[in-house]
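>>> Structure of the sequence below:
(3 chains)
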Amino acid sequence: MEFIYYFGDVFTPLSFMLLLGGTIGGLILGATPGLSPTMAVALLIPFTFQLEAVQGLILLGAAYTSTVAGGAVSAILLKIPGAPANIATTLDGHAMAKKGQGARALQLSFLSSAVGGVLGVLLLIFLTPLLATWALAFGPSHLFWLAILGVTVIGTLDSASVVKGLLSGCIGLWLATIGFDDVMGAQRFIFHPSLGGGINIIAALIGLFAIPQVLTMFAKGRHDNGAEVIEVQRHSVFAAMRELTTRVRALSIGTTIGAVIGLIPGVGGQIAGLVAYDQTKKFSSEKEKFGTGHSEGVIAAEAANNAMVGPSLVPLLTLSIPGSPTAAVLLGGLLIHGIFPGSDLFDNHPDVAWTFINSMLIGQILMCVFGLYVAGLAARVAQVPQSVMAAIVLALSVFGAYSVQGSMGDVYIMACLGIGMYFLERFGFSAAPLVLGLILGPIAESNFVQGGMIADATVGRASYFLTGGLNMLLISVVLASIAYSAWMELRHRRYTTKEEAYA
Amino acid sequence: MNRSQHVVGSGLVFAVGILVTWISFTQQPAQAFLFPRLIATVFVVLAGWTFGKAVMGLSKVGNGVSAAMFLNMLPGLIVMVVYLFWGAGALGFYTATALAFFVLLSIYDPAPHDEPRTWVSRAVITAGFVAVMYGLFSELLNVYTPKEILF
Amino acid sequence: MKRLIAGAALALLGLTGPIQADEYPDRPIMMMVSYGAGGATDFQARIVTMTAANEDALGAPIAIINKPGAGGRVGWNWFATQADPDGYTLAVYNAPHFIAQAIKGGVSYDTDSFEPIANWGADPAVFVVGADSPFNSMADAMAYAKENPGKLTVSGAGLFVGHHIAALQIDKASGTKMAYIPTAGGGAAAMKAVIAGEVMAGINNLSDAYRAQQAGNVKILAVADLERHAFLPDVPTMREEGLDVDASSVNFRGVMVPKGTPPEVIDKLSETVTQMFASEEVAQKMSAGGAPIHVMNREEVARMWAERQQTLKELLAGL
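Reported below is the predicted structural model:
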């Protein structure tokens, strides 16, 4: 209960101002297509040089929390996820926006983000020592099976055709192998010098989602009336809260999966939303509604990606190991003030540690309040004429892709992937499985190679990858996931052939 | 029309699949290409399957690109390609963005082209947007962009 | 309007004309780090360049840009082939890494592709084991390696980086063979593998290991340097432990420019940047963050590169 003692520190004028500024700034940066949370936090680091340790961390923590949630805005309204964490949000969120329910989708997404986020931070407060052992339990073999579990999701994710979904995933997995391979240093598929660094996930994300949207807007041509503008129905916040209480299953699955997967160093954040979305779909009684603008999809995805925020800091705060790029940047923010994460942090600088954690707790609530306000403004965004919106998104894509690594190569890659993806989408391929392949490829490969090397030196590959409780558990989840998808596919096929017979 | 488009689309994917498979199985060191080989095999099989279905006219998903859509899109696509592959790098980000933005608005903005007032509003929107981008990226976030002409 | 056009034309001329040494730098400078944001190299690069905008330093801010991938090869390849030699594009070198990679081949750079400016840090490789490991000294670990050839798993940040070189030197000095496991996620992932017990031991940066030891997660058995380190006065060097390992694997970090940068610019940079690194403010922030500082000027760095080139060629010849 030590943390309550330090709550007052969050509310000193300067700290609270920074918290407020970080939250609002984070929401805006997160909602800007092309800026990821890691980048937002990295860009804020120079500001923290001038601040005290506590204040710097409050700013960074608030920005981290709200950029993750802010990504939902562009995901829902424009079908452009701000970060890998928001990919799953586009699937149902954008479909809802198209039906005129953009405000409702945004309200639900911010409310479920807040619920997931607060629970995630509470886990961080109360269960940190326990969670730390769990974070360490995942070795190369487990991460490999976890990536394979992700691969099993590919075929059924946002695609009308399973074969084309799998093929999209394969294209993503292949794209991920481009560049120098990380372990051996061999050059693979480097057709052009821009590809030397491989395909940056953020640049790819911008290209695959934003550019097809721009081209779709172009394809509608020059309208003489504004009839095409999507209308946004007003939706009361209280109705959204009431709806959330009826969607407890989606909320709890999302939060649990987000918190559990978010813990695992090096994997968590990027796939938490997608895995939560997939699992919620499998447990839902209204499976067929997913992908058509079903609120459970948005709730699960957003609860998961904010529930991940708290636990993702556990390896950093207890073991001094940054589990994600964003955590690595936060580590820099700590070190610059001479504070070492680990026991030193909690024993010698409890004011810093607890004020930081408390500020994330309050940040989640502030984020929700401002987010709901933003949701009210969604109508305005939707009223921006298509021509202006297309030009804005295009320009932001260029700046976003460039500023990830300061490289024109990334802009070219973004453009090629984007234009290619537009045409692929017209033939039934989809971007979400492709990006999932792109994310999972390196995780699966590097852990397989690394685990293989450890296994060769010790117990042998078969027993390294196939024995042990956690391996067995993950393998059985993988098998169950495959069996379930196959069963659903067979059932679905019989269903559609019957339908075709009628027609 | 639609069927032949599907054949071309999936044919291209299949061609990429064959290229990738060929490269993965011929390049050295074999150890580094183990994973690409695995992926390429599945890739080429699935792409072949899709291509076969398209040739037989069995592709159901996806509507292809109609001629009207393509014609609508073409000017924008050309501006986009010039902007992304040449303009941004050669002219500097802000100059190229201002030009591309203004040209795109001129092409796609439904407001009439023969009234001076609409041109003023296009110019004002462009200037405002570029100013916001400059403020956000250059001043606030200190992102270093190629600055070839003016800024 | 006319004045505006004339002004614009003047500005254009000013930007495209040749660089005058006394005017340099008149705009922000970019510095490329070939490792990810938040890593030790990135973190230190940000600290040592924070005073660049001061009037008594360069008078222009240095912006850090990360181009991570393949143990640094991606960034340095880009720097050697695509960076403009105009003094506005700098890069951070990690000394044994890029030299070893150049010797192994498959990259488009070597020591002649770059001009050193100044060095700010030296981070020796250390041998770490988990806090509950049965190994309490290098002798314990080496005895295990001798009894079980190829079975002592040791994690490190990648192939042909300082950690790998230290592992090769330990192998050579002890006449054993350890199983070196490169991790894809850099030093942090290699450290996690040690703490989680996925591997029996690890070779990591002294600065990161020092932090992990403070947190009570690892034991540091030896330092791969010629002298004991001020942060860890109780930890012996490899030589004290009877292993003939020199300082070849020490990770030197500093600033360089591409070959072909005008000599006036190099002179100006090497003078001011060396002073900048030696400043009190930088030293205080660096030591607070547990980052060992070691300032060297341009000539000293050039000598160090040449020495490394020599020793690494011999060490890597047999591989």
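>>> count of residues packed around the closest residue to residue A:399 other than its chain neighbours?
Leaving aside its sequence neighbours, residue A:399 sits nearest to residue B:137 (C-beta to C-beta, 6 or more residues apart in numbering or on different chains; 5.6 Å). Every C-beta, even on glycine, is put in place using the N, C-alpha and C of the backbone. Neighbouring residues of residue B:137 were enumerated by other C-beta atoms under 10 Å in any protein chain shown; the total is 22.
>>> show me the contacts for residue A:466.
A:472, A:475 (C-beta atoms under 8 Å, 6 or more residues apart in numbering or on different chains).
>>> And the strands in the stretch 101-250 of chain C, which stretches?
C:114-123, C:125-130, C:153-156, C:179-182, C:201-205, C:218-223 (DSSP state E, counting those that start in this stretch).
>>> quick one on the thing from earlier: angles on the backbone of the residue nearest to residue A:399, please.
Note on residue B:137: its backbone torsions stand at phi -80, psi -50 [degrees, to the nearest 10].
>>> Quick one: residues contacting it.
Residue B:137 neighbours (C-beta under 8 Å, 6+ apart): A:399, A:403, B:143, B:145.
>>> could I get the strands of the stretch 101-250 of chain C as a markdown table with distance to chain B?
Formatted as a markdown table, the strands of the stretch 101-250 of chain C follow (distance: least, C-beta to the nearest C-beta, whole Å):
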| stretch | distance to chain B |
| --- | --- |
| strand C:114-123 | 19 |
| strand C:125-130 | 25 |
| strand C:153-156 | 18 |
| strand C:179-182 | 13 |
| strand C:201-205 | 23 |
| strand C:218-223 | 31 |
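>>> Redo those as JSON lines? Include mean pLDDT and mean neighbour count.
Output for the strands of the stretch 101-250 of chain C, formatted as JSON lines (pLDDT from 0 to 100; neighbours: other C-beta atoms under 10 Å in any protein chain shown):
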{"stretch": "strand C:114-123", "mean pLDDT": "92", "mean neighbour count": "24"}
{"stretch": "strand C:125-130", "mean pLDDT": "94", "mean neighbour count": "27"}
{"stretch": "strand C:153-156", "mean pLDDT": "92", "mean neighbour count": "26"}
{"stretch": "strand C:179-182", "mean pLDDT": "91", "mean neighbour count": "24"}
{"stretch": "strand C:201-205", "mean pLDDT": "93", "mean neighbour count": "29"}
{"stretch": "strand C:218-223", "mean pLDDT": "93", "mean neighbour count": "24"}
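>>> So which of those strands is nearest chain A?
strand C:179-182 (3.4 Å; C-beta to the nearest C-beta).
>>> Contacts only, for the spatially most central residue of chain C.
Nearest to the mean C-alpha position of chain C, counting by C-alpha atoms, centre = their mean, stands residue C:94 at 2.9 Å. Residue C:94 makes contact with C:34, C:35, C:41, C:72, C:161, C:162, C:251, C:252, C:253, according to C-beta under 8 Å, 6+ apart.
>>> let's see it at 7 Å
Contacts for residue C:94 (C-beta atoms under 7 Å, 6 or more residues apart in numbering or on different chains) come out as C:41, C:72, C:251, C:253.
>>> Show me the residues you listed that map onto strands.
C:251, C:253 (DSSP state E).
>>> for stretch A:364-380, what is the average pLDDT?
Stretch A:364-380 carries an average pLDDT of 84.
>>> Quick one: residues in contact with it.
A:19-20, A:23-24, A:27, A:65-66, A:69, A:73, A:77, A:102-103, A:106-107, A:110-111, A:113-114, A:117-118, A:121, A:232, A:237.
>>> Right, I'll call it a day here.
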